[in-house]
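In: Quick one, fold the following:
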Amino acid sequence: MPELQIVDPLEIEAASFRIIEAELGPTAFSPEQFAVVRRCIHATGDFSFADNLRFHPQAMEAGLRAIRAGKNILVDVNMAASGISKGLLARFGGSVICRVAEEETAKLAAAQRTTRSEAAVELAADKSIGIAVVGNAPTALLKIMELIERSLFAPDLVVGVPVGFVNAAESKAILASKPYPFITALGRKGGTPVAVAIVNALLRLAAA
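Out: Numbering: from 1, shown residues only. All right, here's what the predicted structure looks like:
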């Protein structure tokens, strides 16, 4: 039988972070970027995110500036909205926005023959959004990039980490080529827990 560690419940996260840091060893990430990488590994138990995560050079600065300015965070699914630390965000005056389950979203998706995720992004894309976050639906990420290209949406930062086998890797590869600030994870891996981990890392850095 494996030997269990006896750890104070309040120290579990700190102990986990120490293990991650020891196993990763030195990296080329900035301290702020490393805080994001570490939290993604902590959320998933998957060290491959140290290789897969990509940061636009202005990503961290843009995300922290948006949070501190009190801007809102747009997410693609309610699971992400549930996981983000709303208390920390509220300190700066921001809110988490998710419109995917609204009746208006369903009607727009049916009328346009698109996914609810696309329709939800289209309805929520306004000047109040500082960070646009996608962890589940590649269609939502593609819609965000389309609206930005059409000058209909201008978030400070796009966090695009959808998971899956249909257009997930492709949509993230497109995002990684964009000139505006982004954080993404190349390949098929990602998901809502990763998206939430990235946002919560940014919130903690903003509050530090």
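
In: Other residues contacting stretch 68-75?
Out: 81, 84, 89, 92-98, 121, 124-125, 128-135, 155-156, 195, 199, 206 (CB atoms under 8 Å, 6 or more residues apart in numbering). C-beta: built from backbone N, CA, C; applies to glycine.

In: Tell me the buried residues within the residues you listed.
Out: Using 16 or more other CB atoms under 10 Å as the burial test, these include 81, 84, 89, 92, 94, 96-98, 121, 124-125, 129-135, 155-156, 195, 199, 206 as buried.

In: for this protein, longest helix please?
Out: helix 192-207 (DSSP state H).

In: Buried residues, that one. List them.
Out: Buried residues in helix 192-207 (16+ other CB under 10 Å): 192-203, 205-206.

In: Repeat that for stretch 100-119.
Out: Taking 16+ other CB under 10 Å as the criterion, stretch 100-119 shows 100, 105, 108-109, 115-119 as buried.

In: where in the protein is pLDDT low?
Out: Applying pLDDT under 70 to the chain flags residues 1, 3-10.

In: Which residue ranges of it form strands?
Out: Assigned by DSSP state E, the strands in the chain fall at 53-55, 72-75, 96-97, 129-134, 157-160, 182-185.

In: out of these, nearest to residue 149?
Out: strand 157-160 (11.9 Å; CB to CB).

In: Quick check: neighbours of the closest one in the sheet, parallel or antiparallel?
Out: strand 129-134 (parallel), strand 182-185 (parallel) (DSSP bridges).

In: Turn those strands into CSV, columns for distance to residue 174.
Out: Output for those, formatted as CSV (distance: least, CB to CB, whole Å):
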stretch, distance to residue 174
strand 129-134, 12
strand 182-185, 9
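
In: Tell me which of those sits nearest to residue 32.
Out: Once the strands paired with strand 157-160 are compared by CB to CB, strand 182-185 is nearest, at 11.1 Å.

In: Now tell me what touches that closest one from outside.
Out: 36, 40, 49, 52-56, 59, 63, 157-161, 172, 175-176, 194, 198.

In: switch the cut-off to 6 Å
Out: The contact list for strand 182-185 (CB atoms under 6 Å, 6 or more residues apart in numbering) reads 52-56, 59, 158-161, 172, 175-176, 198.
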